[in-house]
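J.: the sequence and its predicted three-dimensional model are supplied below.
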Amino acid sequence: MKKILVVDDSGVQRKMIIQIIQKAGFQNPILEAGDGAQAIQTLATNFQDVGIVLCDWNMPNMNGLEFISAIAKVPAVACIPVVMVTTEGTADKIAEAKAANPNLAGYIAKPFTPEVLQSTITPILQSNI
């Protein structure tokens, strides 16, 4: 079963996303990172087991855009589906994220409902089981 990597500098936001995933019935192991730099370290040791990354944009050290851009350039992790979960919901920001990582699998603007998160990640997780 593939792991889910949740990347957000807010511990509260990470816990909320994890609860939604678990309440939706997914039993995938969940990894957490507080910024893009931590997420890179996590992927370095877990990249073969990660089936999806849920990533915030605004974080210290390495923001989400820098993170998704960096992983898009590394063949071993470029194919991992990434869903941005962020307050940056304008059309320009969505276009910027898609340009940074052509494999961007989804984009969820905060605040969001559990149903939106579930409907976005369900097809990705089901295809990566």
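T.: Okay, I see it. Everything numeric in this text was worked out from a predicted model, so none of it was measured.
J.: report the secondary structure state of the residue positioned nearest the centre of the chain.
T.: In the chain, the centroid-proximal residue (CA atoms, centre = their mean) is Leu54; its distance is 1.5 Å. Assigned with DSSP: H, G, I helix; E, B strand; the rest coil, Leu54 falls in the strand class.
J.: just list whatever residues bridge to it.
T.: Val6, Val83 (DSSP bridges).
J.: how about it, what does it touch?
T.: 4-8, 17, 83, 85, 121 (CB atoms under 8 Å, 6 or more residues apart in numbering). C-beta coordinates here come from the backbone N, C-alpha and C atoms, glycine included.
J.: gap between it and Gly25?
T.: Leu54 is 17 Å from Gly25, where distance means CB to CB, to the nearest Å.
J.: got a winner among the contacts of Leu54 for most neighbours?
T.: Val7 (29 neighbours; other CB atoms under 10 Å).
J.: okay, that residue: pLDDT?
T.: pLDDT recorded at Val7 is 98.
J.: confirm for me that it is in contact with Asn58.
T.: No: contact status for Val7 versus Asn58: not in contact, 11.5 Å apart, counting by CB atoms under 8 Å.
J.: can you check which residues contact both of those two?
T.: Gly64.
J.: next one: stretch 29-38 to chain centre, how far?
T.: 9 Å (CA atoms, centre = their mean, to the nearest Å).
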